[in-house]
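Undergrad: need coordinates for the following:
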Amino acid sequence: MLESIANRLAAFPPALKGAVGCVSADDARWKPQHPNYPKGAWSVLEIVCHLADEEVLDFRARLESVLRDPGSAWAPIDPEGRAVEQRYNEQELGPALERFERARAANVAWLRSQVAPDWSAVHRHPKFGPIAAGDLLVSWAAHDALHLRQIAKRLYQLAARDGSTFSTAYAGEWGA
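TA: Model prediction:
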């Protein structure tokens, strides 16, 4: 399990960079209006900044904690609050990507250095219940995929925005 997940985690930074490479600085900051998100959904830039912070504050830190001492408390995290506090949407995309790439490379090296980790070690989370080290590992890779999907959605929305008087229907969304 470790090798395929580690390979996927290692391969994600170039995929992320490729996905956002076609986005201008202004478009990276664009946030679509959505009734479920009164403040607007996250911009591409906010997504990348979030991924960079999660590399440091969430997945590795929590996985390391579970493998070392499953009973230890986790530091609280607030992704939505951090996006506002750290002014994600005022940052620059290039440096945010670089920060993510550096942290991910260090994390993959750390992950590959683990000798016989106990993937079944369980942390008892007060909100989510039991979370095994293996759950954290596979969630880490799934988290990448969720945010890549979110970025793809922004790219689709940008095409629709820029083509304002034209339809995106021919793109293949019939009946979706």
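Undergrad: residues contacting Lys17?
TA: Contacts for Lys17 (CB atoms under 8 Å, 6 or more residues apart in numbering) come out as 97, 101. C-beta here means a position set from N, CA and C on the backbone, and glycine is covered the same way.
Undergrad: so what touches the lowest-mean-pLDDT helix or strand in the chain?
TA: The weakest-scoring helix or strand in the chain, judged by mean pLDDT, DSSP states H and E, is helix 79-85 (a mean of 91). Around helix 79-85, the neighbours that count as contacts under CB under 8 Å, 6+ apart are 42, 46, 49-50, 53-54, 57, 88-89.
Undergrad: let's see it at 10 Å
TA: Helix 79-85 is contacted by residues 39, 42-43, 45-47, 49-50, 53-54, 57-58, 78, 88-89 when judged by CB atoms under 10 Å, 6 or more residues apart in numbering.
Undergrad: hey, C-alpha coordinates of that helix in PDB?
TA: Extracted C-alpha coordinates of helix 79-85, given in PDB (Å, rounded to 0.1, in the frame of the first residue of the first chain):
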ATOM      1  CA  PRO A  79      -8.900  25.500   6.800                       C
ATOM      2  CA  GLU A  80     -11.600  28.100   6.100                       C
ATOM      3  CA  GLY A  81     -10.300  30.400   8.800                       C
ATOM      4  CA  ARG A  82      -6.700  30.000   7.700                       C
ATOM      5  CA  ALA A  83      -7.600  31.000   4.100                       C
ATOM      6  CA  VAL A  84      -8.900  34.300   5.500                       C
ATOM      7  CA  GLU A  85      -6.300  34.800   8.200                       C
END
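Undergrad: if any of the contacts of helix 79-85 are buried, put those into a PyMOL selection.
TA: Buried residues within the contacts of helix 79-85, by 16 or more other CB atoms under 10 Å, are selected in PyMOL with:
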select buried, resi 42+43+45+46+47+49+50+53+54+57+58+88+89
